[in-house]
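In: Give me the fold of what follows.
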Amino acid sequence: MQNWRRISFLLCGAMLSVASGLSAPIAADAAPRLASLDYCADQFVLALSPGSDIAAVSIDATSVYSFFGEKAAGLPKLRGNAEEILTLAPTLLVRQWKGSAAVDALLAQAGIATFILPFTLTPEDELSSLVAFGAHIGREAEARSFVDKRTRMRSRLEEAPQLPLKALYVTPSGFTAGQGTGVDNIIQWAGLDTMAKTYGLSGWGALPMEAIVRNQPDVIVTSFFDLPRAPSNWSLSGHPRIEEFLRDLPVIDLPARYMACSNLFAIDAANYIRREAEKLGLARDRQAAERTTTKR
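Out: All right, here's what the predicted structure looks like:
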């Protein structure tokens with residue numbers, strides 16, 4: 001009862017204060033108790049912190065679209081209401097797209113700081129955000145190690161020979177990624193060309209059915225098909241010709257965990273596509289077919 005009275009008092013007091021988007025950095029000798037409010041915030045927390053420093057993660061931290069879902073297993077889960085966070089009493093609440101300034105103000109009165117992760121447009125910016133977050137919680141070395149690993153991974157991809165293959169990206173909703181999108185960049189980093197240029201596509205748009213029938217890709221890259229819901233019967237991904245391509249053409253299915261917070265794991269996604277393409281022997285098959293055609 002006393003706990004609920006305290007919560008009610010803080011809720012009233014929150015109306016009179018304004019929370020800071022970023023709290024003061026945690027002292028190097030202090031052991032932070034972190035809680036993350038949404039699954040993108042989960043990835044930052046789980047990437048850098050041991051389980052002993054994590055008071056709770058979001059309810060989505062073990063979902064199929066959580067990159068570090070296995071690390072989140074067994075940790076307490078937050079649904080995100082203020083009472084729950086106040087009772088848990090972490091040192092720092094980490095959030096990105098979930099939460100509000102009003103809740104931040106309430107938590108500040110209870111001595112719980114909030115770190116708001118920025119939305120970024122590029123993998124480079126996202127990795128810089130990770131380093132800033134790492135420095136804030138006393139885990140900068142871990143953050144730089146994470147970044148260094150992705151830097152080496154990208155260097156290996158850039159040094160690898162291009163694969164003579166054109167890929168088409170397909171989502172369950174029947175949309176595809178055109179030129180200028182992060183997904184198109186990821187596929188190119190993997191060493192494949194994309195059909196976006198062939199079809200003259202920019203940004204995100206519906207699959208161009210007529211163009212695909214006239215000029216089909218060598219390989220299809222899919223993602224989000226592993227989410228616990230079936231594609232709509234009304235989406236273009238359910239079109240008979242697309243179903244035919246998914247059945248008859250080589251398909252690289254990129255797990256949703258690489259794409260849900262894609263800027264942080266964009267290099268991992270490109271590396272996954274490259275490895276799967278090599279496992280399928282797609283480049284070898286294409287080169288053999290071209291040699292056979294040349295001989296004829």
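
In: only C-alpha atoms for contact and neighbour calcs from this point on.
Out: Will do.

In: need the contact list for the residue nearest the centre of the chain.
Out: In the chain, the centroid-proximal residue (C-alpha atoms, centre = their mean) is residue 261; its distance is 1.9 Å. Applying C-alpha atoms under 8 Å, 6 or more residues apart in numbering to residue 261 gives the contacts residue 40.

In: quick one, phi psi at residue 223?
Out: Dihedral angles phi and psi of residue 223 (degrees, to the nearest 10) take the values phi -160, psi 160.

In: Provide the partner residues of it in its beta bridges.
Out: Note on residue 223: beta-bridge partners residue 254, judged by DSSP bridges.

In: what's the answer for residue 57, then?
Out: Here residue 57, judged by DSSP bridges, has bridge partners residue 77.

In: Roughly how far does it sit from residue 241?
Out: 42 Å (C-alpha to C-alpha, to the nearest Å).

In: These two: who's more crowded?
Out: Using other C-alpha atoms under 10 Å, the more surrounded residue of residue 57 and residue 241 is residue 57, with 29 against 14.

In: in the stretch 1-150 of the chain, which segments are predicted with low confidence?
Out: The stretch 1-150 of the chain contains residues with pLDDT under 70 at 1-31.

In: at 90 instead, please
Out: For the stretch 1-150 of the chain, the stretches flagged by pLDDT under 90 are 1-32, 80-81.

In: so where do the helices sit in it?
Out: Under the criterion DSSP state H, counting those that start in this stretch, the stretch 1-150 of the chain contains helices at 2-14, 39-48, 69-72, 82-88, 101-109, 123-136, 140-159.

In: Kindly compare burial across the ones you listed and name the winner.
Out: helix 39-48 (a mean of 24; mean count of other C-alpha atoms under 10 Å).

In: the inter-axis angle of it versus helix 140-159?
Out: Counting by axes from the mean of the first three to the mean of the last three C-alpha atoms, to 10 degrees, helix 39-48 points 100 degrees away from the direction of helix 140-159.

In: So what touches helix 39-48?
Out: By C-alpha under 8 Å, 6+ apart, the list of residues contacting helix 39-48 reads 34-36, 54, 57-61, 66-68, 71-72, 94-96, 117, 130, 133-134, 139, 142-143, 146, 260-261.

In: Mind doing that once more with 6 Å?
Out: Residues outside helix 39-48 that contact it (C-alpha atoms under 6 Å, 6 or more residues apart in numbering) are 36, 57, 60-61, 94-96, 142, 261.

In: and residue 60, how many neighbours does it have?
Out: 19.

In: Pull the contacting residues for it.
Out: Residues in contact with residue 60 (C-alpha under 6 Å, 6+ apart) are residue 39.

In: cutoff 8 Å now
Out: Neighbouring residues of residue 60 by C-alpha under 8 Å, 6+ apart: 38-39, 66.

In: what's the spacing between it and residue 76?
Out: 11 Å.

In: With residue 50 instead?
Out: Relative to residue 76, residue 50 is positioned 14 Å away (C-alpha to C-alpha).

In: Compare these two (neighbour count), which wins?
Out: A count of neighbours by other C-alpha under 10 Å puts residue 76 above the other of residue 50 and residue 76, at 15 against 10.

In: which other residues reach stretch 123-135?
Out: Under C-alpha under 8 Å, 6+ apart, the answer for stretch 123-135 is 25, 44, 48, 117-120, 139-144, 147, 262-267.

In: now with 10 Å?
Out: The contact list for stretch 123-135 (C-alpha atoms under 10 Å, 6 or more residues apart in numbering) reads 25-26, 28, 43-45, 47-49, 94, 115-120, 122, 136, 138-148, 150-151, 182, 261-267.

In: quick one on the thing from earlier: and the contacts of residue 60 as CSV, adding distance to residue 282?
Out: Shown next, in CSV, are those (distance: C-alpha to C-alpha, whole Å):
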residue, distance to residue 282
38, 38
39, 34
66, 29
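
In: What is the nearest of the residues you listed to residue 104?
Out: The closest of the contacts of residue 60 to residue 104 turns out to be residue 38 (C-alpha to C-alpha; 14.5 Å).

In: Could you find the closest non-adjacent residue to residue 271?
Out: Closest residue in space to residue 271, ignoring its immediate chain neighbours: residue 190 at 6.0 Å, by C-alpha to C-alpha, 6 or more residues apart in numbering.
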